[in-house]
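Engineer: Quick one, structure for this:
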Amino acid sequence: MTNVRRNESMSVRTAADIVLVRQRVRHWTAQLGFSLVDQTKVITAASELARNTVDYGGGGSVMLEELDNVGRRGLRLTFSDEGPGIADIAEALRDGFTSGNGLGMGLGGARRLMNEFEIDTTPGKGTRIAVVKWTR
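Structural biologist: Purely as a prediction, here's the structure:
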């Protein structure tokens with residue numbers, strides 16, 4: 001059974017907020033004992049998802065949660081917005097797809113960097129993306 005040991009919520013509305021999310025995620029991953037490689041993976045995924053929250057979702061929030069699953073520690077990041085949603089999730093996850101000016105690696109890249117990836121979106125009602133990385 002997975003238990004949440006602590007959590008922290010942050011607003012993600014501006015480019016400055018994206019920087020703050022990266023800093024907090026760096027702090028949390030170091031505290032949880034992630035390797036430098038895994039810290040970089042989680043920070044990169046968080047940065048991509050935060051950028052999408054601002055650019056495509058019109059801003060929103062992120063919840064950071066320290067997880068414990070029978071002695072295994074992890075970090076769950078849940079990004080939420082009330083933007084236009086994603087009409088075609090499969091297309092949005094395809095490498096090279098972009099609805100803006102990016103490289104089209106954001107969602108698919110974030111999914112590959114993390115151990116777990118869950119997306120819930122409804123066109124016109126917003127998007128919630130939860131990702132988890134385990135320390136071991």
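Engineer: isn't V131 right up against G74?
Structural biologist: No: counting by CB atoms under 8 Å, V131 does not reach G74; the two are 10.3 Å apart. Every C-beta, even on glycine, is put in place using the N, C-alpha and C of the backbone.
Engineer: biggest helix in the protein by residues?
Structural biologist: The single longest helix within the chain, with elements called by DSSP state H, is helix 36-55.
Engineer: to the chain's geometric centre, what's the distance from it?
Structural biologist: Centre-to-centre, helix 36-55 and its host chain are 6 Å apart (CA atoms, centre = their mean, to the nearest Å).
Engineer: quick one: buried residues of the helix or strand just after that helix?
Structural biologist: Using DSSP states H and E, the next helix or strand after helix 36-55 towards the C-terminus is strand 60-69. Buried residues in strand 60-69, counted by 16 or more other CB atoms under 10 Å: G60, S61, V62, M63, L64, E65, E66, L67.
Engineer: Read off the pLDDT value for the third one.
Structural biologist: When you say that, I think you mean V62. For V62, the model assigns a pLDDT of 98.
Engineer: can you pull up the bridge partners for it?
Structural biologist: Beta-bridge partners of V62, counted by DSSP bridges, are M10, F79.
Engineer: quick one on the thing from earlier: tell me the helices and strands packed up against the longest helix of the chain.
Structural biologist: For helix 36-55, the packing partners by 3 or more CB pairs under 8 Å, 6 or more residues apart in numbering; DSSP states H and E come out as strand 2-12, helix 15-31, strand 60-69, strand 72-81, helix 106-113, strand 126-134.
Engineer: what about those, which gets the closest to E91?
Structural biologist: Of all the helices and strands packed on helix 36-55, helix 106-113 sits nearest to E91, with 10.0 Å by CB to CB.
Engineer: Quick check: phi and psi on G71?
Structural biologist: phi 90, psi -10 (degrees, to the nearest 10).
Engineer: Please apply the same query to N115.
Structural biologist: For N115, the backbone dihedrals (degrees, to the nearest 10) come out as phi -80, psi -30.
Engineer: Only the buried residues of the lowest-mean-pLDDT helix or strand in the chain, if you could.
Structural biologist: Comparing every helix and strand of the chain by mean pLDDT, DSSP states H and E singles out helix 89-93 as the least confident one, with a mean of 77. By neighbour count on 16+ other CB under 10 Å, the buried set for helix 89-93 is A92, L93.
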